[in-house]
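Trainee: the following block contains a protein sequence and its predicted model.
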Amino acid sequence: MAATTTDGSTAVGPVPFKDICGAMPLPSAATPRPSDLRQWVRCYQGTWVPEYHVPGIVAIRESFAPRRGDVVLVSPPKCGTTWLKALAFATMARGAHPPAGAGHPLRRLNPHDCVPFMEMLFAAGCGGKMDTLPSPRLMATHMQHSVLPASITHNPDCKIICMCRDPKDMLVSMFHFASKLAPNISFSDVFEAACEGTNISGPIWDHLLGYWNASKANPEAVLFLRYEEMLRDPVEGVRKLARFVGQPFSPAEEEAGAATDVARLCSFDTLRSLEINRPAAAARYGNDWYFRKGEARDWANHMTPDMARRLDGIIQEKLRGSGLSFA
Ligand code: A3P
C-alpha cells in the first residue's frame, strides 16, 4: 500500500510516522508526577501500566486493525526501545533510504518520530493515523504479551520483535529517566517496586516470559533480542533482524557493508550526537532523554551487592525452567 508524504511523493513503508502523520502526541512533562513510581501505574489485567496508557490499551484491544506485513516492536521501558526502533526502521527502509546516506530520516528525526508508540497514539484518540501509513508498517508498544490483542499475537501476517535487557540495568535507566519527570524519586523505591512486581510494565518476569515463551513456540513470528548481545555484536543483530522481517541482506549488500552501515547509523554515539537528539530547552520530553550511557552493567554504580543478589534471585526463581536467564 502506498501513501503520500508531505512533499507529495509516493511512499512505501516503513516511512517515518512524523512525515505522514505529524508529531506524536505526548503527555505533558510539565504535569507534576508523584515521586513514588508506584503511584504512576495501575493494574490492567495483571500488568502494571502507566495510568495514562490505559485508555490507549483498551482502544488498541478494541479497534487496532492489523495489516499484512505489520511489525510490532516490543520492550519493557528502558530496555533499548529507541535503539530497536532505529535498527528496525533503518533495516526495513534501507531500499528507500541507504543507511550511509546523508539524507537518512534518522539524521533529522528521533527514532520515536519514525516509529509510533501505540499506547500514546491510541490514548490520544489518534489510532486512526496508523491507517494512513503505507505497508509494511512499524509500530511499538510496552504492552505485555498477555495484553496484546489476539489480532496481533495470533496473526500469521504480523511479526513481533522484542528487546529485553538485564532487569538491573533497566531499573537504573528507569530511575534516571523518571527523575527528569519527578526529581525526588528514590532509587530504592524503584528497586522495591521491581522486586514486588509493580514497576512500570511489570512484573518484569511476566513481561520477559510472555515474549520469550512466544518466541520459543513460534520463532517465525516472534524474535527475542537481548540488549547486551546487541551491544556485543550489533552487525550480527542487524542481520538477524533483517532475516526475521524477510529482508535478508543480499550478497551484494553484504559486500557493500550495508549491515555495518545500519549498525553504525543506529549506534549510541551516532544517534546521540545528532542535532535532533541534542538537549533542547522544551517543557516536553527531550529527545536527549533517550540517550544516557548506552552501556551494560551500570547497575554496579547504583546497587549494593546485596540488592543485586536479591533482584537476581527473584528473577532467577521466576524464570526457572524457561531457558531464559540473566546470570
Ligand atoms: P541507559 O539509561 O542505561 O543509558 P528506551 O529506549 O527503552 O527508553 O531505553 C533507553 C536506554 O537505551 C538508555 O539506557 C539509553 O542510553 C539506551 N540507548 C538508547 N539508544 C541506544 C543506542 N543506539 N545504542 C545503545 N543503547 C541505547
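Mentor: That came through, no problem. Numbering: from 1, shown residues only.

Trainee: give the closest residue to the most centrally placed residue in the chain in space, chain neighbours not counted.
Mentor: Computing the C-alpha centroid of the chain and ranking residues by CA atoms, centre = their mean puts residue 81 first, at 2.4 Å. Nearest residue to residue 81 in three dimensions, chain neighbours excluded: residue 75, at 4.5 Å (CB to CB, 6 or more residues apart in numbering). All C-beta atoms are positioned from the backbone trio N, CA, C, and that covers glycine.

Trainee: neighbours around the one you found, how many?
Mentor: 26 (other CB atoms under 10 Å).

Trainee: now swap in residue 26 and tell me
Mentor: Look at residue 26: counted by other CB under 10 Å, it has 12 neighbours.

Trainee: wait, isn't it in contact with residue 286?
Mentor: No. With contact defined as CB atoms under 8 Å, residue 26 does not count as touching residue 286 (10.9 Å).

Trainee: how close does residue 287 get to residue 26?
Mentor: 11 Å (CB to CB, to the nearest Å).

Trainee: also residue 270?
Mentor: According to CB to CB, residue 270 and residue 26 sit 24 Å apart.

Trainee: count of neighbours near the nearest residue to residue 25 once chain neighbours are set aside?
Mentor: Excluding the flanking residues, the one nearest residue 25 by CB to CB, 6+ apart is residue 124, at 3.6 Å. When neighbours are counted by other CB under 10 Å, residue 124 registers 17.

Trainee: ramachandran coordinates for residue 124?
Mentor: Here is the backbone geometry of residue 124 (degrees, to the nearest 10): phi -90, psi 0.

Trainee: kindly report the residues of the stretch 201-327 of the chain close to the ligand.
Mentor: Selection of the stretch 201-327 of the chain residues close to the ligand by CB under 6 Å from any ligand atom yields 266, 267, 268, 271, 290, 291, 292, 293, 294, 298.

Trainee: now rank these by neighbours and give me the top one.
Mentor: Top of those by neighbour count (other CB under 10 Å): residue 266, with 26 neighbours.

Trainee: so that one sits against residue 87, correct?
Mentor: Yes. Between residue 266 and residue 87 a contact is recorded at 4.9 Å, counting by CB under 8 Å.

Trainee: touching both of these two, which residues are there?
Mentor: Overlap of the contact sets of residue 266 and residue 87 (by CB atoms under 8 Å, 6 or more residues apart in numbering) consists of 234, 238.

Trainee: now do residue 205, the pLDDT please.
Mentor: You'll see residue 205 listed with a pLDDT of 98.

Trainee: pretty sure it is touching residue 322, no?
Mentor: No. Between residue 205 and residue 322 there is no contact under CB under 8 Å: 9.3 Å.

Trainee: of those two, which one has the most company?
Mentor: Per other CB under 10 Å, whichever of residue 205 and residue 322 has more neighbours is residue 205, with 20 against 13.

Trainee: how close does that one sit to residue 241?
Mentor: Here the criterion is CB to CB. By it, residue 205 lies 25 Å from residue 241.

Trainee: mind listing the strands for the stretch 151-300 of the chain?
Mentor: 159-164, 222-226 (DSSP state E, counting those that start in this stretch).

Trainee: how about low-confidence regions in the stretch 51-200 of the chain?
Mentor: For the stretch 51-200 of the chain, no stretch has pLDDT under 70.

Trainee: determine the number of other residues adjacent to the residue of the stretch 101-250 of the chain found nearest the ligand.
Mentor: Residue nearest to the ligand within the stretch 101-250 of the chain: residue 173 (3.2 Å; CB to the nearest ligand atom). When neighbours are counted by other CB under 10 Å, residue 173 registers 22.
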